[in-house]
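S.K.: next input, structure requested:
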Amino acid sequence: QVLLVESGGGLVQAGGSLRLSCAASGRTFSNYAMGWFRQAPGKEREFVAAIAWSGASLYVDSVKGRFTIARDNAKNTLYLQMNSLKPEDTAVYYCAARSATGVVTTLSRYNYWGQGTQVTVSS
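M.R.: Predicted coordinates for the structure are as follows:
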């Protein structure tokens, strides 16, 4: 079992920055590929970014060049640095883990989920 707890969400103006954190516990963090997903009101949960144990990463096109995913295996923590935020980035952001090494974008291939943290970007 893996427990994931997100933090760092909040209200920010367009063009601003936030850094989300996801603290993991329960199993060897470095053995898991990790991802960030988001869900806006009335929409389905969507892939944002993922990172393998090796550091290899993948992003959805809409956040490339603005968001950076990173992990600190020594601290069992996943991060998402979000810069140049836009109102359309407003959503609940979820941290997810999958008990495999490769990065994938498919929601159903992640085994564990956090409770989510709200990010609101005002125009």
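
S.K.: so who does T120 touch?
M.R.: T120 makes contact with G10, L11, V12, T90 under the criterion CB atoms under 8 Å, 6 or more residues apart in numbering. Using the backbone N, CA and C atoms, a C-beta is placed for each residue, glycine as well.

S.K.: give the buried subset of the residues you listed as a ChimeraX selection command.
M.R.: To isolate the buried members of those in ChimeraX, using 16 or more other CB atoms under 10 Å:
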select :12,90
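
S.K.: what does the model give the nearest residue to L11 once chain neighbours are set aside for pLDDT?
M.R.: Once flanking residues are discounted, L11 sits nearest to T120: 4.7 Å by CB to CB, 6 or more residues apart in numbering. We have a pLDDT of 98 for T120.

S.K.: does T120 sit in a helix, a strand or a coil?
M.R.: Following DSSP: H, G, I helix; E, B strand; the rest coil, the label given to T120 is strand.

S.K.: please renumber the chain so that the first residue is 56 from this point on.
M.R.: Sure thing, new numbering starts at 56, so read that last one as T175.

S.K.: re the thing from before, want to throw the contacts of T175 into a markdown table with distance to A111, secondary structure and pLDDT?
M.R.: Below are the contacts of T175 laid out as a markdown table (distance: CB to CB, whole Å; DSSP: H, G, I helix; E, B strand; the rest coil; pLDDT from 0 to 100):
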| residue | distance to A111 | secondary structure | pLDDT |
| --- | --- | --- | --- |
| G65 | 29 | strand | 97 |
| L66 | 32 | strand | 98 |
| V67 | 29 | strand | 98 |
| T145 | 28 | coil | 98 |
